[in-house]
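Engineer: compute the structure for the input listed below.
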Amino acid sequence: LCSPYIALNYNWVVFCLNRMLQGFAQGFHFPCVNAHIAQWAPSPEKNRIFTFVFLGAQFGIMVTMLVAGYLAASPWGWPSIFYCTGLCGVLWSMVWLFVGADSPDSHPSISDHERKYIKSSLINNSENSSSMSTPWKAVATSVPMWALICCHFCHNWGYYTIATMLPSYVSKVLHFDIKNNGVISSIPFLTKCILSGVFSVIGDVILEKQILSLNVAKKIWTTIAMWGGAVAFVGLTLTSDSTTAVVMLTITVSTGAAIYTGFLSNHLDLAPNFAGFLMGITNCFANLPAMCAPMAAGFIVTDQENKDQWMILFYISAALFFMGNLFFIVFGSTNVQPWNNIKPLRKASYSKDNELMVSNKHCH
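Structural biologist: Take a look at the predicted model:
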């Protein structure tokens, strides 16, 4: 909400500081969401719940790109884009404050039957997870964890390249006007939203009917997202037709719908007790492309109407997609790691023992 005022009244340094604060605040989002899902998602429904929750980010991008062109062309101009999106964030926060719950146990209106069903299905979750010591060394030396970090980083490089540079490419290379630019830029994300729901249902059916093992299924979905996107990136460099380019862009983004049933939910497989912590680590590495990819694009694409420069950008993204997925296929795992079930801290245990003794005294 403050961005337009700062941009109009201060220099670019202050604006960048404002964006840094915004990024710092949003950095808590994905780890918290992952930890939350670990407390709420029964195994048979995990793919659908995880996808549905994370689908919100893609839906937000799609809607923003769809309406941004019209808002910018309106009498309120480009600042209205920031005001509308900022207001949506405030309204959502107010709703979440009143209807959200940390776990089934703290939910005020959930039925006992549903509460028991959810808790009984979370076989690898410990009620003492909040009092467990963080297994820093085990996580730092975990090969499956590094495979996940690598895959997440490589995917986000291509994703942020498209998310930040797509409007410029559509405008300068494909030559769509500002209103059509918003519509064209939103098509890939709309398609991704639709496919995300389809893939999540298929993913749960595959696991429920035991057609594939969890490990094989995760890697197939990740391959669809990463290598499918890599092929589309290369295809984008080979076409000079605007319609075909839009199709390739759509495939590049929409195949990414498979990441939710693929690597992005792998944190819940490796260590559900530390799912939020693991997401915080991988997201730290995976957000580096949010800074580096646009900067690299700025160095490479000095003339936004030069298609050859865009081709270099797309080849880099395709190569990272390919290597990230290959690393995940070879070294990734869906087995629950031994450090998921470490003993709680003594202090926490001591406190609980004291509480139990006090309650027993009151009973007597």
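
Engineer: nearest spatial neighbour of residue 61, chain-adjacent residues omitted?
Structural biologist: residue 189 (5.0 Å; Cβ to Cβ, 6 or more residues apart in numbering). C-betas here are computed from N, CA, C, even on glycine.

Engineer: which elements pack onto the strand or helix carrying the one you found?
Structural biologist: Assigned by DSSP states H and E, residue 189 falls within helix 178-208. In terms of contacts (3 or more Cβ pairs under 8 Å, 6 or more residues apart in numbering; DSSP states H and E), helix 178-208 is packed against helix 46-72, helix 143-172, helix 214-238, helix 242-254.

Engineer: pretty sure the residue nearest to residue 61 contacts residue 65?
Structural biologist: Yes. Between residue 189 and residue 65 there is a contact under Cβ atoms under 8 Å: 6.5 Å.

Engineer: the residue nearest to the spatial centre of the chain - nearest residue in space that isn't next to it in sequence?
Structural biologist: Residue closest to the average C-alpha location in the chain (Cα atoms, centre = their mean): residue 54, at 6.1 Å. Nearest non-adjacent residue to residue 54, counting by Cβ to Cβ, 6+ apart: residue 260, 5.6 Å away.

Engineer: just to revisit the earlier point, need the overlap of contacts for residue 189 and residue 65.
Structural biologist: Common contact partners of residue 189 and residue 65 (Cβ atoms under 8 Å, 6 or more residues apart in numbering): none.

Engineer: how about residue 336, phi and psi?
Structural biologist: The phi and psi values for residue 336, taken as degrees, to the nearest 10, are phi -60, psi 130.

Engineer: now do stretch 3-17: distance to the chain's middle.
Structural biologist: Stretch 3-17 has its C-alpha centroid displaced from the chain centroid by 28 Å (Cα atoms, centre = their mean, to the nearest Å).

Engineer: in that stretch, what counts as buried?
Structural biologist: 3, 4, 6, 7, 15 (16 or more other Cβ atoms under 10 Å).

Engineer: identify the farthest-apart pair in these.
Structural biologist: Greatest spacing in the buried residues of stretch 3-17, by Cβ to Cβ: 4 and 15 (10.0 Å).

Engineer: now the stretch 251-364 of the chain, which segments are flagged as low pLDDT?
Structural biologist: The stretch 251-364 of the chain contains residues with pLDDT under 70 at 342-364.

Engineer: report pLDDT for the closest residue to residue 277 other than its chain neighbours.
Structural biologist: Among residues not flanking residue 277 along the chain, residue 134 sits closest, at 6.4 Å (Cβ to Cβ, 6+ apart). For residue 134, the model assigns a pLDDT of 81.
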